[in-house]
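>>> got a sequence here, can you build the structure:
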Amino acid sequence: MPRFAAIIALLLISSFSAAQDSTPKVEVFGGYSFVHADTGKLTGITLDVTLREPSNAFAVGQGFQGWNAEGQYNFDRWVGVVADFAGRSGKPITGTSAVKISGLPDLTAYSYLFGPVVSYRTKSRITPFVHALVGYDRDSLGAAHLSGLPTPVSITKTTYTDFAIALGGGLDYKVISHFALRGQADWFHTSLNLTNFYNSALGPNLLPNLATRERNVRLSGGIVVSF
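Numbers count the residues shown, from 1 in each chain. Sure thing, here's the model as predicted:
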């Protein structure tokens, strides 16, 4: 019986060692990203009134498309650390069908996040993981001159960098050796003071009481290469 127990223990240790050896030390992810942005109390009606334009002239955009890239180092089969970089762009201020507006500004944003990741690795092709990332988000609204309105509107270029957090996770599906497909979702918190941001762009004291924190959702998908 003691010999049998020793054999079982040896098999378990060997199995655990093999699993550790098969764990990639480095993983690189790259792909598409979509952010559903919190408008922070900014609405089309607010813009109509503030900028003294016709009713139903403006709307607010919430969908921003871009890319997401990560570099991950694994300490063992469970725990690693991630450097996450992402960019997105879109139009935070849009027109409606009621008023044809041209010259609408583009918003571009980049995030730089770092933090731990925990993965559940088995013999399955599927590896789920969760991560907690912190860092910065840099938002830039381009200069623009809006036309097609009774009163033309000028927008000054403005850029702000603020604290950001991404809490979430996803799944990797191994296709072949060293290659996997990934899908992930994050609660993406940013601390951009939207009052300061839009007042810098549109004029002082125009838009008070906008949010100083945004609860966004980020969805990403792409390819993972492991080494």
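
>>> the helix or strand where Asp162 lies pairs with which strands?
For Asp162, the element it lies in under DSSP states H and E is strand 158-176. Here strand 158-176 is paired, per DSSP bridges, with strand 126-141 (antiparallel), strand 179-190 (antiparallel).

>>> buried set for that strand?
Of all the residues in strand 158-176, those buried under the rule 16 or more other Cβ atoms under 10 Å are 158, 160, 162, 164-166, 168, 170, 172. In this view, the C-beta of every residue, glycine as well, is placed from N, C-alpha and C.

>>> same check on stretch 116-128?
For stretch 116-128, by 16+ other Cβ under 10 Å, it's 117, 119, 121, 127.

>>> let me know which of the strands paired with strand 158-176 is the nearest to Gly148.
Closest to Gly148 of those is strand 126-141 (Cβ to Cβ; 19.3 Å).

>>> secondary structure and distance to Gly87 added to the buried residues of stretch 116-128, as CSV?
Converted to CSV, the buried residues of stretch 116-128 look like this (DSSP: H, G, I helix; E, B strand; the rest coil; distance: Cβ to Cβ, whole Å):
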residue, secondary structure, distance to Gly87
Val117, strand, 21
Ser119, strand, 25
Arg121, coil, 30
Thr127, strand, 26
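
>>> can you pick out the most distant pair from the residues you listed?
Counting by Cβ to Cβ, the most remote pair of these is Val117 and Arg121, 11.7 Å apart.

>>> and the strands paired with strand 158-176 as a markdown table, adding mean pLDDT?
Shown next, in a markdown table, are the strands paired with strand 158-176 (pLDDT from 0 to 100):
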| stretch | mean pLDDT |
| --- | --- |
| strand 126-141 | 98 |
| strand 179-190 | 98 |
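
>>> need the contact partners of stretch 35-43.
60-66, 88, 92, 188, 192, 194, 198, 207, 209-219 (Cβ atoms under 8 Å, 6 or more residues apart in numbering).

>>> my read is Leu192 is in a helix, agree?
No. Per DSSP: H, G, I helix; E, B strand; the rest coil, Leu192 lies outside any helix segment and is coil.

>>> show me what the residue nearest to it when sequence neighbours are not counted is bridged to.
Distance criterion Cβ to Cβ, 6 or more residues apart in numbering; nearest residue to Leu192, sequence neighbours excluded, is Asp162 at 4.8 Å. Beta-bridge pairing for Asp162 (DSSP bridges): Asp137.

>>> could you pull up the mean pLDDT of stretch 59-78?
The predicted model assigns stretch 59-78 a mean pLDDT of 97.

>>> could I get the full set of strands for this structure?
26-36, 58-60, 63-74, 79-90, 93-95, 107-119, 126-141, 144-146, 153-155, 158-176, 179-190, 214-226 (DSSP state E).

>>> for the chain, name the helix or strand with the lowest mean pLDDT.
One helix or strand of the chain scores below all others by mean pLDDT, DSSP states H and E: helix 2-22, with a mean of 45.

>>> close enough to count as contact, Gly103 and Gly142?
No. Here Gly103 lies out of contact with Gly142, judged by Cβ atoms under 8 Å, at a distance of 10.2 Å.

>>> pLDDT at Asn205, what is it?
With respect to pLDDT, Asn205 has a value of 94.

>>> before we move on, back to that, quick one: pLDDT of the residue nearest to Leu192?
98.

>>> residues in contact with it?
136-137, 139, 190-193.

>>> need those residues in TSV (columns: neighbour count and distance to Ala180).
Below are the contacts of Asp162 laid out as TSV (neighbours: other Cβ atoms under 10 Å; distance: Cβ to Cβ, whole Å):
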residue	neighbour count	distance to Ala180
Tyr136	14	28
Asp137	25	27
Asp139	22	32
Thr190	26	29
Ser191	15	33
Leu192	24	33
Asn193	16	39
